[in-house]
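Participant: build me a model from this:
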Amino acid sequence: MTDTHESIKVRFHQMMMSRSPLERLEMGCSMFDTAKEIVRNSIINQGLGSSPQEINRQIFLRFYSQDFDEDQQKKILNSIK
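Facilitator: Residues are numbered from 1 along each chain as shown. So this is what the prediction gives:
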């Protein structure tokens, strides 16, 4: 479902493409950093992480758990120290 008018979609695309590749990359990195900070705060507020390492483990699980099987996850989680 989309509620965005087609002319707005076209205009937004034009605006994004008028930026340099570096600017678009920086925007994407900034959005990822913001999402990661939101997740970090959620983990802390839910009491799921008491140390930086445990918080990073929880962040990994939230972002990437579906990308790895259980054995791979265990190896990665063990390596986060």
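
Participant: how far away is the residue nearest the centre of the chain from residue 6?
Facilitator: Per CA atoms, centre = their mean, the C-alpha nearest to the average position across the chain is that of residue 32, at 4.4 Å. From residue 32 over to residue 6 the distance is 28 Å, taken as CB to CB, to the nearest Å. C-betas here are computed from N, CA, C, even on glycine.

Participant: coming back round to it: remind me which helix or strand the residue nearest to the centre of the chain belongs to.
Facilitator: helix 21-45 (DSSP states H and E).

Participant: neighbouring contacts of that helix?
Facilitator: 16, 19, 49, 55, 58, 59, 62, 63 (CB atoms under 8 Å, 6 or more residues apart in numbering).

Participant: reformat the residues you listed as JSON lines; add pLDDT.
Facilitator: Shown next, in JSON lines, are those (pLDDT from 0 to 100):
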{"residue": "16", "pLDDT": "97"}
{"residue": "19", "pLDDT": "98"}
{"residue": "49", "pLDDT": "86"}
{"residue": "55", "pLDDT": "96"}
{"residue": "58", "pLDDT": "96"}
{"residue": "59", "pLDDT": "97"}
{"residue": "62", "pLDDT": "96"}
{"residue": "63", "pLDDT": "97"}
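
Participant: kind regards, and thank you for your time.
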